[in-house]
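Enquirer: Quick check, what structure comes out for this input:
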Amino acid sequence: MTAQHDADVASLSYEQARDELIQVVSRLEQGGATLEESLQLWERGEALATRCEEWLIGARKRLEDARKGGSTASDTATDETSGSEMGEAS
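Expert: Sure thing, here's the model as predicted:
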């Protein structure tokens with residue numbers, strides 16, 4: 001693959017890469033392509049699958065970070081509520 005081709009795939013959104021990957025797989029399953037065309041499709045599919053995986057790994061990390069941040073904020077809010085209730089009871 002060329003650097004231009006790699007840059008092209010790297011610029012795709014998850015949905016764009018996923019949709020093109022579906023088309024590539026469909027074309028490979030239909031058959032009828034020459035060996036060279038099949039190899040090019042396969043390489044493109046590999047690049048697209050890698051791009052999708054990168055997006056999914058990034059999304060998973062963002063969710064984990066949000067959960068960590070959310071549980072910390074929730075714990076702090078609970079501690080503050082408990083502290084104010086204890087202060088009112090005194």
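
Enquirer: so where's the chain uncertain?
Expert: 1-4, 71-90 (pLDDT under 70).

Enquirer: try 80 this time
Expert: The model of the chain has pLDDT under 80 over residues 1-7, 70-90.

Enquirer: in it, which spans are strands?
Expert: Assigned strands in the chain: none (criterion: DSSP state E).

Enquirer: Backbone dihedrals for residue 32, please?
Expert: Here is the backbone geometry of residue 32 (degrees, to the nearest 10): phi 90, psi -10.

Enquirer: ok, it - how many residues close by?
Expert: Residues near residue 32, counting by other CB atoms under 10 Å, number 7. Placement of C-beta: from N, CA and C, glycine included.

Enquirer: One more: residue 47?
Expert: 21.

Enquirer: now swap in the one 10 residues further on and tell me
Expert: When neighbours are defined as other CB under 10 Å, residue 57 has 10 of them.

Enquirer: residue boundaries of the helices in this protein?
Expert: 3-10, 14-30, 35-89 (DSSP state H).

Enquirer: most neighbours per residue, which of those?
Expert: helix 14-30 (a mean of 14; mean count of other CB atoms under 10 Å).

Enquirer: Just want the angle from it to helix 3-10.
Expert: Inter-element angle recorded for helix 14-30 and helix 3-10: 110 degrees (by axes from the mean of the first three to the mean of the last three CA atoms, to 10 degrees).
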